[in-house]
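Undergrad: Task: produce atomic coordinates for the following.
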Amino acid sequence: MSGGRGMSQAIVTRSADRNRLKRSRIFRPLLAVAAVALLAGCANRDSVTVGSIPDDYRTNHPIVIAEKNQTIDIPVGASDRGITKGQKVTFEGFLQNYDRQAAPALTIMAPSGGANDVAATHAARGLMNIAMKAGVPKNRIAITSYQAEYPEASSPIRATYSAMRAQTGRCGSWPEDIANTTDNKHYANFGCSYQNNLAAQIANPADLLGPRKQTEIDAENRNVVIDQYRKPPAVWNPETFY
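TA: Sure thing, here's the model as predicted:
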């Protein structure tokens, strides 16, 4: 009898061990999944999407490179004959940024139907000569006319050419009162003026697309710098200093 009880007790013990082993096999993967979920939640706590509007002024107001017309109006009096000194200086300044390599078309529009038709026609031809001396090809210059708005007044000559410029969108967007919003974001117009000023200061818009080709080394200037570097440092003398 005692042998039978011992055998049955051993069987019960083995059965309990098997049950514990089965439970451990079930719970271990669950614990691993829970631990991974907790770690993932900690890792992604700073990448929560709080809105669909980007919170970066460079994204809200990007600087883009596009073709833009450069235009200037030059006043011409009804009694003028030819080009005055002031008109010449103004027009030369306007052509200072003209790209001689790209050579875009330069259009000089003289008013028609105004009080200064004759003077404007002579001035337009004078501006054409100035443009050719400034490096604008003759076959890229066109003289046209436009209808003057006021027949009794003197209308200006309008000169225009297209050029690649860095620019942004227009500023002044205020879709809502920033004093009544509780969102911890930049307002819509934030950074717009800064981006516009930065775009206006860029002399060559191509610099935003890629670096320029490296210029040749000035060997003579390099030797001067190396000689200065090799010279022993000068000894400081208080008597000569004072």
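
Undergrad: Please tell me I have it right and P104 contacts R140.
TA: Yes. Contact status for P104 versus R140: in contact at 7.2 Å, counting by C-beta atoms under 8 Å. Every residue, glycine included, has its C-beta placed from N, CA and C.

Undergrad: Hmm, I108 and L127 touching each other?
TA: Yes. A contact is recorded between L127 and I108 when judged using C-beta under 8 Å, the distance being 5.4 Å.

Undergrad: Identify the contacts common to these two.
TA: Common contacts of L127 and I108 (C-beta atoms under 8 Å, 6 or more residues apart in numbering): I157, A159.

Undergrad: Can you get me a residue count around D56?
TA: A total of 11 residues lie near D56 under the criterion other C-beta atoms under 10 Å.

Undergrad: and what of S79?
TA: Using other C-beta under 10 Å, S79 has 9 neighbouring residues.

Undergrad: Now do the same contact list for it.
TA: Contacts of S79 were listed using C-beta under 8 Å, 6+ apart, and they are A119.

Undergrad: I'd assumed it was in a strand, is it?
TA: No. Assessed with DSSP: H, G, I helix; E, B strand; the rest coil, S79 is coil; it does not lie in a strand.

Undergrad: what sits against N189?
TA: By C-beta under 8 Å, 6+ apart, N189 lies in contact with C171, G172, S173, W174.

Undergrad: if you skip the residues just before and after it, what's nearest to the third one?
TA: Pointing back at S173 there. Among residues not flanking S173 along the chain, A188 sits closest, at 4.8 Å (C-beta to C-beta, 6 or more residues apart in numbering).

Undergrad: Tell me the pLDDT of the one you found.
TA: pLDDT, A188: 85.

Undergrad: what residue lies at the spatial centre of the chain?
TA: Nearest to the geometric centre of the chain sits I63, at 2.6 Å (C-alpha atoms, centre = their mean).

Undergrad: Which residue ranges of the protein form helices?
TA: Here the chain has its helices, by DSSP state H, at 2-43, 57-60, 85-94, 117-133, 192-200, 219-230, 238-241.

Undergrad: Out of these, point me to the one whose mean pLDDT is lowest.
TA: Looking at those, the bottom one is helix 2-43 with a mean of 55.

Undergrad: I'd like to know how far H186 sits from N223.
TA: Separation of H186 from N223 (C-beta to C-beta, to the nearest Å) stands at 52 Å.
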